[in-house]
Every structure is written in structure tokens, then in C-alpha cells.
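J.: Got a predicted structure here, sequence first:
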Amino acid sequence: MNPSRIASLKLRQILDSRGRPTVEADVILHDGSLGRASVPSGASTGKYEVRELRDGDAESYESYGVQSVVATALQACEGQMQGVDALDQTAVDATLRWIDGTPDLGRVGANPILALSLATARAAAAHVRQPLHVYLRSLVPGVAPSMPMPMTNILSGGAHAGGGMDFQDFLAMPVGATTYSQALEWIARVRSAAARLMAQEGRVTLLADEGGLSPGFESAEQALTLMVRAIEAARLRPGHDMAITIDVAASQLYVEEQRCYHLRRAGRELTSDAMMSYVFDLCGKYPIVSVEDPFDQDDWEAWQSFTRKLGDRSLQLVGDDFFATNAQRLASGIERQVANAVLIKVNQNGTLSGTLDVMALARKAGYATVVSARSGETEDSFIADLAVATGAGQIKIGSVRNSERQSKYNQLLRIEEEAGLTFAAFMHKRR
Ligand code: 2PG
Ligand code: MG
């Protein structure tokens, strides 16, 4: 038997950072190489993502269990996957897609399928005795690897913090840093300064889902002011050393019947046009260099007008729920010249090859790529290696708190030490 072919699979239920069940896969090759991977889970999930399956048994983990999902998936996949060459990731993922047979992977479940896809890549890396990021490079020939620029959650709202603020994420991006380790140190300083400032104001400093702070401000202006103060308190220059990025996660704010965005904390209801002006003005007033999902996933007109309105202005406009790491949606966006960056979440797509295809499409069109974690994570650091190998340029992991986040930040430190790769400069940096 060819030693790089799949001999057996295991799927199990483990817990994620929210204490909810998720799927972990083991893939074992004929030479005994083992690959293990587990999958994340979102809270502000978009409607164009592939389908995560749950058991729905109220008696087990409040219906979030995946015990029967993994049992059924193992039965469906094992026989078909045995004998597939782990070194041929395209064939591995095509087989997984074929077994499921639906576009959204809703029959077997996107969660076990992604776990198997990623675990197989790890098994292949073990087989060729290469670190994962080195092996992954062989799947994207001609692409220059690099250390990604982190954008790091400092303040959380939306679905990650009990709706405490209207906008979901206020993040820090160390655009002036020259190495990844310097970037990380600056971020940690800003994160600590933000907590200190909040404590001084008598605000609670408990952690939101991604390890960020949740001050529960009524307005985005208050949150952005605190961000600027925290950057200054960390002895960094806002905009020069440390810029701000935001994730509005606007699909969560959109009320379809009324065709408007409800900013409940601020007590405002905004039409698409009003939302556009509001976000545009915020970007003028604060050192914001990147905006994610400022409009609903179906509000194409607003996305298109906003992109036009930006003109030459150097602002990164990222589609998360909007593109859903989906090749068709990204292709439509490129064709209609909407946005200029795409968030890359492996579990929105469902397989490693499918994710790499979306990244290739973005690269070709000159769209920036931001590899991203989910709000529910595990200790698996796969996306750190993925961001490096694909030269993604940027990574979004959550805050610099909690081990499910640090496993990725720390893996990047190891790769930096080992590989001596260049640190990706941020392209949309203001001049
Ligand atoms: C997002 C992600 C990560 P979730 O909206 O970008 O912050 O959130 O995983 O809940 O979709
Ligand atoms: Mg988002």
C-alpha cells in the first residue's frame, strides 16, 4: 500500500472556547502519520456559509451536541476516504464534497467535512516531515509566503458581547511595526492600556467571547475615542504606529421588513444611505484603515455605492458575511467592483482546497485577504500556518487573551523564529 494513502479516520466531539461541542478529526495514513484538526464555530454567522450540523438533542449540551453528527459522518466518509492519497489535497476535498453531494455540505455536515479536510493536510505534512506552513506552500506554488499583519480585537460588541455595543469589533492594527513580534508587543500594550482606562472609569473589564473588552458603549464614537486614548497611553501614534479597524457585522443589525439598520444601543435607525454616510464620516474622524461588513450580506447596492464613494481613498473594505469565503460570491463582487478585500474563514467554505481557490481568486483580482478565526475557537492553530503559507497578508484572531487565541499568535512567533519570512506591510496604509 502506498504509504501516503489514508488508512483510517476518527471523528470525535470536543468542546470549543464557548464550552460548546465541536468536531475534531484524526486522519491516519498507511505509514502511521497522524493528522489532527478541529473546527471553529461562529456566533454572527452569515446565511451564505456552508452548513454546520448539530444533533439538536435538547438533553445534550442544549442541542449543540455533535455526537450523532460525527457518528453519521464517519460512517459516510470512512470507506470512501480509505485509499485516497493525502498528498493530493484536491482529490481529498473533491471526494469529501462528492460524499456529501450538496453545495452547502448540509447532508454530512460542513463541520466534520472541514475537520477531515484539515486533518488530512496535517497528516500529509507529517508524512513528508515538514512543518504545516512549509507543506501548505506546496499547495500554492508561485505564492510568496510572509508573516501576516494582525488585526486584533480590543473592544467587542454585537453577538460576541451580549449586544453590549452595536458594532461588533473595534480592532487594533500595528501598521507601523516592522516585524510580527514587534506588532504583537504593541498590540498587547494597547490591549492592557484599554483595560486600564476602562478600570479607571469604573467600567467592568470582563472578557467577551474573543477575549476582548466589552465596555457596552452606546456609540461607536465613544468606543473609537477609547481606542485612540489606549493607543496613546501605550506610547504609540494613532494612525502611524497603530491604526484602527472595525467590523460592523451589519447583517446582525439589518431589519429586512423595514429595510434599515437598527443601532439599538445608540437608539438610531439608519437607511443604507445614512449608514453609508455614518461609516464614511467615522473613517474621516478616526484613524480607521479597514472596515468589515458595514452593510447587510444582501445589500449589494449599498456595498457598490460605498466602494464607489471611497474612490482613491485608501480604505480597506472587507466582505465577511458578504462574501462568505465563497468563490461565486467573490467572483460577483469582483465583477461588480464591490469591496477590495475578503475575509477568509475555512469553516465558511468547508474545505481547504475550496478556501485556497477563493484566496487565489482574490489574489488575481488584487483583493486583499484576511485569514480569520471565529468567535468560537479551539486550540487548533491551523490558520496561523495557512496565513503564512498563502502570503495572505493579514490575520484576525480575536484578542490577545485566552489560549484558543494565543495558540495562533504563539504559533506565528514560532514560525517567525524558524522561517525568517518578511512581515507583510499593510497596503491600504494612509499616506
Ligand atoms: C466575524 C467573526 C470573528 P463570528 O464576524 O468576523 O470576529 O465572528 O465568528 O461570530 O462570525
Ligand atoms: Mg465579521
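T.: Good, I have the coordinates. Numbering: from 1, shown residues only. Ligands and ions are numbered 1, 2, ... in the order given.

J.: Extract the residue ranges of this protein that are flagged as low pLDDT.
T.: 429-431 (pLDDT under 70).

J.: Contact residues of it facing ligand 2?
T.: D247, D320 (C-beta under 5 Å from the ion). (Glycine included, C-beta is placed from N, CA and C.)

J.: domain assignment for the chain?
T.: 6-129, 149-419 (automatic domain parsing).

J.: For the chain, which segments count as strands?
T.: With DSSP state E, the ranges of strands along the chain come out as 6-15, 21-29, 34-38, 149-156, 169-173, 243-247, 254-255, 260-263, 268-270, 288-292, 316-319, 341-344, 368-372, 393-396.

J.: Could you dump these into CSV and include mean neighbour count?
T.: Converted to CSV, these look like this (neighbours: other C-beta atoms under 10 Å):
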stretch, mean neighbour count
strand 6-15, 18
strand 21-29, 24
strand 34-38, 20
strand 149-156, 28
strand 169-173, 28
strand 243-247, 27
strand 254-255, 15
strand 260-263, 20
strand 268-270, 16
strand 288-292, 25
strand 316-319, 25
strand 341-344, 26
strand 368-372, 26
strand 393-396, 26
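
J.: Y409 is in contact with I415, correct?
T.: No. Counting by C-beta atoms under 8 Å, I415 stays clear of Y409, with 11.0 Å between them.

J.: for the strands of the chain, which one sits closest to S192?
T.: Closest to S192 of the strands of the chain, according to C-beta to C-beta: strand 149-156, at 10.2 Å.

J.: With only the CA atoms kept, save the closest one in PDB.
T.: Extracted in PDB, the C-alpha atoms of strand 149-156 (Å, rounded to 0.1, in the frame of the first residue of the first chain):
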ATOM      1  CA  MET A 149      -0.200  41.700   9.800                       C
ATOM      2  CA  PRO A 150      -2.500  41.000  12.700                       C
ATOM      3  CA  MET A 151      -5.700  43.000  13.300                       C
ATOM      4  CA  THR A 152      -6.600  42.400  16.900                       C
ATOM      5  CA  ASN A 153      -9.800  42.700  18.800                       C
ATOM      6  CA  ILE A 154      -9.700  45.200  21.600                       C
ATOM      7  CA  LEU A 155     -13.400  46.100  22.200                       C
ATOM      8  CA  SER A 156     -16.300  43.700  21.500                       C
END
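
J.: That one - contacts with which helices or strands?
T.: strand 169-173, helix 180-200, helix 220-233, strand 393-396 (3 or more C-beta pairs under 8 Å, 6 or more residues apart in numbering; DSSP states H and E).

J.: Which one of these lies nearest to N111?
T.: strand 393-396 (20.7 Å).

J.: Now do the closest residue to M1 other than its chain neighbours against ligand 2, distance only.
T.: Leaving aside its chain neighbours, M1 sits nearest to H30 (4.7 Å; criterion: C-beta to C-beta, 6 or more residues apart in numbering). Look at H30 and ligand 2: by C-beta to the ion, to the nearest Å, they are 40 Å apart.

J.: R137 is nearest to which of the domains of the chain?
T.: domain 149-419 (4.7 Å).

J.: any idea how far that closest one is from the chain center?
T.: 9 Å (C-alpha atoms, centre = their mean, to the nearest Å).

J.: How about stretch 76-91?
T.: The answer for stretch 76-91 is 27 Å, by C-alpha atoms, centre = their mean.

J.: Any chance you could list what contacts that stretch?
T.: With contacts defined as C-beta atoms under 8 Å, 6 or more residues apart in numbering, stretch 76-91 is touched by 2, 4-9, 27, 29, 33, 35, 92, 95-96, 98-100, 108, 112-113, 116-117, 120-121, 123-124, 127-128, 139, 352-353.

J.: for the residue in the chain that ligand 2 sits nearest to, what are its contacts?
T.: Residue nearest to ligand 2 within the chain: D320 (3.5 Å; C-beta to the ion). By C-beta under 8 Å, 6+ apart, D320 lies in contact with G46, D247, A249, E292, D293, L343, K345, S372.

J.: For it, which non-adjacent residue is closest in space?
T.: L343 (3.9 Å).

J.: Same question for A110.
T.: Here the residue nearest A110, using C-beta to C-beta, 6+ apart, is V50, at 3.8 Å.

J.: Let me see the backbone angles for the one you found.
T.: phi -70, psi 170 (degrees, to the nearest 10).

J.: what does P3 give?
T.: Per-residue torsions, P3: phi -60, psi -20 (degrees, to the nearest 10).

J.: I'd say it and L29 touch.
T.: Yes. Between P3 and L29 there is a contact under C-beta under 8 Å: 6.6 Å.

J.: intersection of neighbour lists for the two?
T.: Shared contacts of P3 and L29, counting by C-beta under 8 Å, 6+ apart, come down to H127.

J.: tally of neighbours for E59?
T.: 8 (other C-beta atoms under 10 Å).

J.: Let's see which of the contacts of stretch 76-91 end up in helices.
T.: 92, 95-96, 98-100, 112-113, 116-117, 120-121, 123-124, 127, 352-353 (DSSP state H).

J.: Please list only the buried members of those.
T.: 92, 95-96, 99-100, 112-113, 116-117, 120-121, 123-124, 127, 352-353 (16 or more other C-beta atoms under 10 Å).

J.: can you name the two of those residues that are farthest apart?
T.: D100 and H127 (25.2 Å).

J.: mind listing what the residue most central in space within the chain touches?
T.: The chain has S372 as the residue nearest its centroid, 1.8 Å off, counting by C-alpha atoms, centre = their mean. S372 makes contacts with D320, L343, I344, K345, I383, I395, K396, I397, as judged by C-beta under 8 Å, 6+ apart.

J.: quick one, phi/psi of the residue of the chain closest to ligand 2?
T.: phi -110, psi -90.

J.: Relative to ligand 1, how far out is it?
T.: 5 Å (C-beta to the nearest ligand atom, to the nearest Å).

J.: Pull the number of nearby residues for the closest residue to D241 other than its chain neighbours.
T.: What sits nearest to D241 in space, not counting adjacent residues and going by C-beta to C-beta, 6+ apart, is G176, at 3.8 Å. G176: 17 surrounding residues under other C-beta under 10 Å.
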